[in-house]
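Novice: sequence and predicted structure, then a few things I'm wondering about:
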Amino acid sequence: MSDTPLLGLPLLAAAQAQKHITHNEALLLIDAATQLSVVSRGLASPPATPPDGARYLVGTGAAGAWAGADGRIAVAQGGGWVFLSPRAGWRMWVEAEARFVIFNGAAWIDPFAVTEFANLARVGVNATADDTNRLAVAAAATLFNHAGSDHRLKLNTTAAANTASLLYQTGFGGRAEMGLTGSDDFRINVSADGAQWKTALVIDRASAAVSLPNTPPPELFNQALTGQGPGFAADTYLAGSGIVLPPDRLRAGTRYGLVFDVTKTAAGVAAPVLTLRLGAAGTLADAALAQLAFPAQTAAADEGRFSLDVTFRSVGSGTAAVVQAVAALIHTQAAAGLANSPGPVRRATSAGFNSTAANAVLGVSVNAGAAAAWTVSLVQARLENLQ
């Protein structure tokens with residue numbers, strides 16, 4: 001063997017004359033291969049006046065002094081060229097590209113130009129990932145872009161009782177969370193401290209119905225669909241008219257509305273009276289806030305509808321609250337039956353009262369007068385414009 005197996009360095013022979021020539025040739029090859037760095041790669045023809053020691057990775061179709069040296073490393077030495085054949089594992093710096101490459105036995109590859117990562121335990125981008133946060137990114141923004149059309153971010157969990165969500169934090173303390181949290185219904189939860197959570201919104205996965213568990217309804221409602229009477233010859237609390245007032249949601253402009261349908265026999269000619277009442281019982285025991293007396297009836301059968309609109313002009317404790325009530329009657333007879341006039345309207349304003357009492361019921365009683373035989377078929381009450 002006259003050369004070494006890896007770098008092809010010439011070996012000294014026994015009793016060789018001028019051993020220094022062979023030795024110096026070997027040193028020059030070691031000098032060329034050690035800390036390998038080439039000026040450029042891809043040239044097919046040698047440069048005209050390269051400095052001694054300059055190295056190049058020869059491109060394909062090499063010509064001139066490089067002919068037949070495709071893919072080899074050309075080293076300028078003593079006005080000529082020496083060629084090194086790379087072996088798998090050689091590492092090289094390409095000065096023109098400021099790039100580090102490795103020879104895999106067939107081609108030079110950029111170890112940092114990896115096109116596929118799989119089964120990485122953790123990835124940190126400007127951050128330190130851990131076993132809980134396997135992917136950690138510290139940046140002003142993070143972009144997930146499409147690859148031609150759509151883009152979908154998927155969060156998957158193993159069972160409905162588990163969580164697949166987006167969590168929003170301040171100082172690493174949870175403040176809002178959206179997704180599947182403990183069920184397959186979509187939820188938005190919020191927290192003031194990261195420990196106690198409240199559900200703001202729920203979307204049912206089957207019906208798509210939206211509920212707001214912690215948002216009070218915009219209005220309160222009561223009704224009675226079962227007929228009441230015949231009766232009302234004496235003052236009678238109207239079933240379905242009572243609504244429990246939420247004192248912390250009342251404000252100036254809050255409105256109470258009531259409608260009820262009446263059928264009258266020929267009996268009874270007294271003037272009907274509607275009484276607006278407020279109290280804890282939801283009965284005739286509650287205090288009267290306002291009374292609205294309608295024109296006298298006549299001895300004729302009739303049917304009609306009473307409406308009552310009550311507006312809170314002010315709210316508060318003591319005697320700060322005041323309401324204004326407007327009632328109207330629409331009936332079939334022009335000037336008979338329920339009233340001796342076509343469409344009477346009545347108004348009343350309450351004295352001051354306390355609207356801050358808990359569990360207070362606002363409702364209405366009806367007194368159609370002696371011998372009256374009214375049947376009320378439908379009652380609907382509402383409380384709206386709450387805060």
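Specialist: Now that the structure is in, tell me what you want to look at.
Novice: where along the stretch 101-250 of the chain do the strands fall?
Specialist: 108-109, 123-125, 135-137, 163-170, 173-181, 186-191, 197-203, 210-211, 220-224, 228-231, 236-237, 243-244 (DSSP state E, counting those that start in this stretch).
Novice: of all those, which one is nearest Ala266?
Specialist: strand 228-231 (12.1 Å; C-beta to C-beta). Quick note: C-beta positions are derived from backbone N, CA and C, even for glycine.
Novice: make a markdown table from the strands of the stretch 101-250 of the chain and add distance to Gln387 and mean pLDDT to it.
Specialist: Formatted as a markdown table, the strands of the stretch 101-250 of the chain follow (distance: least, C-beta to C-beta, whole Å; pLDDT from 0 to 100):
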| stretch | distance to Gln387 | mean pLDDT |
| --- | --- | --- |
| strand 108-109 | 69 | 93 |
| strand 123-125 | 47 | 95 |
| strand 135-137 | 42 | 96 |
| strand 163-170 | 28 | 97 |
| strand 173-181 | 24 | 97 |
| strand 186-191 | 20 | 97 |
| strand 197-203 | 18 | 97 |
| strand 210-211 | 21 | 96 |
| strand 220-224 | 13 | 98 |
| strand 228-231 | 33 | 96 |
| strand 236-237 | 28 | 98 |
| strand 243-244 | 16 | 98 |
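Novice: mean neighbour count and distance to Asp302 added to these, as JSON lines?
Specialist: Output for the strands of the stretch 101-250 of the chain, formatted as JSON lines (neighbours: other C-beta atoms under 10 Å; distance: least, C-beta to C-beta, whole Å):
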{"stretch": "strand 108-109", "mean neighbour count": "15", "distance to Asp302": "99"}
{"stretch": "strand 123-125", "mean neighbour count": "12", "distance to Asp302": "81"}
{"stretch": "strand 135-137", "mean neighbour count": "13", "distance to Asp302": "77"}
{"stretch": "strand 163-170", "mean neighbour count": "13", "distance to Asp302": "62"}
{"stretch": "strand 173-181", "mean neighbour count": "16", "distance to Asp302": "58"}
{"stretch": "strand 186-191", "mean neighbour count": "18", "distance to Asp302": "53"}
{"stretch": "strand 197-203", "mean neighbour count": "15", "distance to Asp302": "49"}
{"stretch": "strand 210-211", "mean neighbour count": "10", "distance to Asp302": "44"}
{"stretch": "strand 220-224", "mean neighbour count": "16", "distance to Asp302": "21"}
{"stretch": "strand 228-231", "mean neighbour count": "17", "distance to Asp302": "14"}
{"stretch": "strand 236-237", "mean neighbour count": "18", "distance to Asp302": "19"}
{"stretch": "strand 243-244", "mean neighbour count": "18", "distance to Asp302": "28"}
